[in-house]
Structure formats: structure tokens, C-alpha cells
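Peer 1: Task: produce atomic coordinates for the following.
(one chain, ligands or ions: 1)
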Amino acid sequence: MAKLVDSFRVSPPPGSVPTISVPLTYFDIPWLPNPPVQRLFFYEFPHPTSHFIETTLPMLKRSLSLTLQHFCPYAANIMCPQPPGKPYIHYMEGDFVAFTVAESAADFNHVIANYPRPVKLLHPFVPQLPSKHVTEDGSRVLPILAFQVTVFPNFGICIGSTYCHAVGDGKSFMHLMRSWTSVYRSGGDLTCLENSLPFIKRDIIKDPGGIELVLLKDYWDWVSTSGENSASTQDIAAYKVRATFVLGRAHAERLKHLVTAQCRSSVDTEQYHISTFVVTCAYIWVCLIKSKESVANNLSRDNGDDELYYFLFPYDCRNRLEFWVPTTYLGNCLKPCAIEIKKREVLGESGIILAAKAIGKGIKEMERSDKRIETMTRSFTTVAGSPKLQVYETNFGWGRPCKVELTHIDYDGAISLADCRDGESAVEVGVALNKNEMDEFLTNFEQSLKLL
Ligand SMILES: CC(C)(COP(=O)(O)OP(=O)(O)OC[C@H]1O[C@@H](n2cnc3c(N)ncnc32)[C@H](O)[C@@H]1OP(=O)(O)O)[C@@H](O)C(=O)NCCC(=O)NCCSC(=O)CC(=O)O
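Peer 2: Numbering: from 1, shown residues only. Alright, predicted model coming up:
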């Protein structure tokens, strides 16, 4: 539980940003039906709530307001006119980011632990976006971003965020977060942002193949069928537990070595992109499949040998397209990369190696732009976050986060990936599963490590 202390609306400074309309591109539109991204940053903060409110809160709000002047899409709304109107981001004076302050009596060390805990434990620290509403002309208005700062008196604070993925991907959001921390640390001096301002214009995204219209039609179909009435997600997560698994650098290197050794020749090796990301995903994916099949009492490899499992992860297209997209581009610039593997391959002795080769081959094909997107029917695992987002590099001046969590994985069955706080570890993986699946996963994770 968290007790509401105060709530605010944080806008860019008055008069600093003109009214702006930014179209959504074909990279943004597919994210519209997705539930929002929820990321929690936990920090040690050994002070009472009164200290936070008097000394920290004013500058947190002021620095956010100043930062939003350069990141105004995050203070805006997404306007969704009735078809055939195209959705777009719209900012006007007075638009804001919802900003709530709460206090929690929960045990901070338990909250930030890696071991399995009920997913419900973290939900009180996740901010709610303001309600969607409909304008007189029938346009739906979707608020984009909300923050909630929860104080755990004398122990820590949590900066919780909820944002609509259609406004921008993880790279864009973490650009905002890191900029906010810089402005906070500099006492409100915006010159610290001068070398890394976001690139907000969308007309650099070229669409020679007319893919936007295809995706818009899919979106309009979604609105007219399930749309806003999709099933409540809260119930799905009620009985789940979540845990964080850390893959050490030594284990990642050993896995990379094992996979590379399995490629028959150097020519063969060139067909695969083998990295820490690839082997971590392969390792977790195989442990997940084994755990779920074990709980379903379905571990026999003779049964449904050719049944397929799918793995889906985003591929950042910045600097990888035929047209120029700067690394500071604010928006979505991700393509989905889908991998498939047969059940008998996963459950065999070389399951992790085969999974790594499949993922590594998929990335190479993305680089050559010849990867087809498969139709997935069932049994797919998706990835949220990325070790490249540097979520632990968000220091407001009271140290790096002691824990970062993505809580929307509680609902959609994705795994979350992040960099690690300490240099010894390679990747942090967040998993939310039913209790009995988590027990199996823990066993699989530990046992497979011993085999490396
Ligand atoms: C396709 C990928 C997933 C692949 O990941 P990789 O870690 O393999 O990435 P990469 O292409 O940078 O390759 C890194 C590996 O190549 C090696 N490498 C790189 N450059 C090299 C060079 N010049 N010479 C030799 N080796 C080199 C490095 O050692 C490293 O291995 P090693 O690592 O072993 O040292 C990634 O490129 C990508 O697009 N990531 C972005 C995904 C993303 O943005 N997700 C967020 C979704 S938004 C979201 O979900 C919302 C939110 O989060 O808020």
C-alpha cells in the first residue's frame, strides 16, 4: 500500500513551448494498442518524508519542468481522431505530466530484492495515467506520461513511471530520464543538455512502400473491434510472482564461447551474431520453456516434436536504415525480430546453443533486411527493455538506482532485460510467472549454470 501525499501537474515553463502537432509514424502506430510501459527506479534515500518534501521535491519538479521544454511530446497527449483521421501527438500550453507523491510503510529491502515476491507488491508504486477522454468531435485523447515518487521513510524512494509506448521507445524515454537527472544535478542549468538534445521532427522517417496505411488499417480494425474494451489486465497478474535473475559476465562469456565453438567453421560463425544479449535471451528462453512444459507435465520430446516456440524482440533501427535517423531521435524506431525453434531442439541437450544460434541468425538477417515476420500462433516469449538502455545510469545525485523494475511484464508474459548496477554482472533479467512455474524456473536456471 502507498498513502497519497500530494499530486501535481508538471508542465514545461509557461511560454517556453509553442503549440505543436507531431504525426505518429509507422514505427509508432503499432504500439497504440499496447498497455503502457511501467518502469520503477528505486534509490537509497535515508531521510524522512518531511526532508524529501522540503529539500528534494521542489527541485525534482522544477528540473522536470525545465527538461520537458526540450522533450515536450512527453507532456502532450496523443489525439486519435475517428477514422480516417491519423493519430498524432499534440502539445499545447497547459498540457502536463501527472506527478504524484506517496509514502509507503513497506519494507524497502524486501521491495527491491531479487528473490520471488508477489507481483502485487510493486503495483502501489506504479503511477496511473490520467483518464483517456473523448473530445466533442469524437477524437480520443490519450495522456502520455505520469510519474509517482514514493517515499519509504528513512530507507529509500521510488521514482515510478508509466508511459504510452506510441510516443517513443525505451531509448527515447531513457534519454528524457537521463536528461532530467542531469538538469536536477546541475541545479536547473539547461546547458548540460546542449550536446544531447532530442531530435523531435518525424519527417525523416521515409515510407516509400506505403506501410503506414497498412498499419493504420490494422489500428482502426483494433479500435472498432476490441479497442478500449480489452480484458482487464489486473486479474491476469493476481497470482504471479516476480524475480530478478542476474547473469554474470563470466557465465555470459562461457556461453558465447560454447556457441561459437559449435559453429562448424569461420564462414559459419559469420552467419550468426553472437553477443551477451543473444546468449542471455537463449538461456532464459530455454529455461522458461522447460519450466512451463514441466509444470504442464509435457516434457516428453516425442510428443509434438515439431511444435514451434517463438521469441520476439525489438531491433533498434537507428543508424541501420537506408535513410538517416539520428541516435537522438525521439520516437519509436524499432522493428520486431521473430525467432522460431522446434520443441525437440529446445528440450534436447544443446537447447541453449541451438536457441542462441537461432537468435543470432535472426539478428544477422535483420542486418541484411531479409528477415520475414512470421505469423505466431502461440507459445511466444517477448522482450521488454534492453541492456543497452543504461537504466542504472540515472543518478539524481543521491547515487545510482539500487534496483530498476519493469512491472508491465506482470501482465503480458514478457521478460525484461536491463544493464546491471555492478560491473561484474552482465544482464539483469526480470521474470513474472505463476508460483509453481517460478519454482521450476529457479531450479532450471541454477542447474543450467552449473553445466557451463
Ligand atoms: C538487435 C539487438 C537487440 C542486438 O543486441 P546486441 O547486444 O547483440 O547488440 P549490438 O548489435 O550492439 O552488438 C553488441 C555486440 O557486438 C560486439 N560488437 C559491437 N561492435 C563491435 C565491433 N566494432 N567489433 C567487434 N565487436 C563488436 C560487442 O562486443 C557486443 O557483444 P557483447 O555484448 O557480447 O559484448 C540490439 O542491437 C538492439 O537493437 N537493441 C535495442 C533494443 C531496444 O531498444 N529495446 C528497447 C525496446 S523499447 C521498450 O521495451 C520500452 C522500454 O524499455 O522503456
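Peer 1: Number of residues surrounding E367?
Peer 2: Residues near E367, counting by other Cβ atoms under 10 Å, number 12. Heads up, the C-betas are built off the backbone N, CA and C, glycines and all.
Peer 1: Against E270, how distant is it?
Peer 2: Distance of E367 to E270, given as Cβ to Cβ, to the nearest Å: 11 Å.
Peer 1: pLDDT wise, what is S425 at?
Peer 2: We have a pLDDT of 83 for S425.
Peer 1: Quick check: the closest residue to T280 other than its chain neighbours vs the ligand, distance?
Peer 2: Nearest in space to T280, with sequence neighbours left out and distances taken as Cβ to Cβ, 6 or more residues apart in numbering, is V427 at 4.6 Å. Noted for V427: a distance of 9 Å to the ligand, by Cβ to the nearest ligand atom, to the nearest Å.
Peer 1: and the strand or helix carrying H51, what does it pack onto?
Peer 2: If you go by DSSP states H and E, H51 is part of helix 49-51. Applying 3 or more Cβ pairs under 8 Å, 6 or more residues apart in numbering; DSSP states H and E, one finds that helix 49-51 contacts no other helix or strand.
Peer 1: Buried by neighbour count: which residues of the next helix or strand after that helix qualify?
Peer 2: Remark: after helix 49-51, the chain's next helix or strand is helix 57-68, criterion DSSP H and E. Residues L57, M59, L60, K61, R62, S63, L64, S65, L66, T67, L68 are the ones in helix 57-68 that count as buried (16 or more other Cβ atoms under 10 Å).
Peer 1: go on, stretch 359-369?
Peer 2: Buried residues in stretch 359-369 (16+ other Cβ under 10 Å): I359, G360, K361, G362, I363, E365, M366.
Peer 1: my guess is the third one is in a strand, correct?
Peer 2: No - read with DSSP: H, G, I helix; E, B strand; the rest coil, K361 is helix and lies in no strand.
Peer 1: OK, contacts around the closest residue to it other than its chain neighbours?
Peer 2: For K361, ignoring the flanking residues on the chain, the nearest one in space by Cβ to Cβ, 6+ apart is Y272 at 5.5 Å. When contacts are counted by Cβ atoms under 8 Å, 6 or more residues apart in numbering, Y272 touches V259, C263, V278, A356, K357, G360, K361, K364.
Peer 1: let's see it at 7 Å
Peer 2: C263, K357, G360, K361, K364 (Cβ atoms under 7 Å, 6 or more residues apart in numbering).
Peer 1: What is the nearest of those residues to the ligand?
Peer 2: Using Cβ to the nearest ligand atom, the shortest approach to the ligand within these belongs to G360, at 8.4 Å.
Peer 1: now the closest residue to that closest one other than its chain neighbours, what's its secondary structure?
Peer 2: What sits nearest to G360 in space, not counting adjacent residues and going by Cβ to Cβ, 6+ apart, is Y272, at 3.5 Å. Under three-state DSSP, the three-state class of Y272 is coil.
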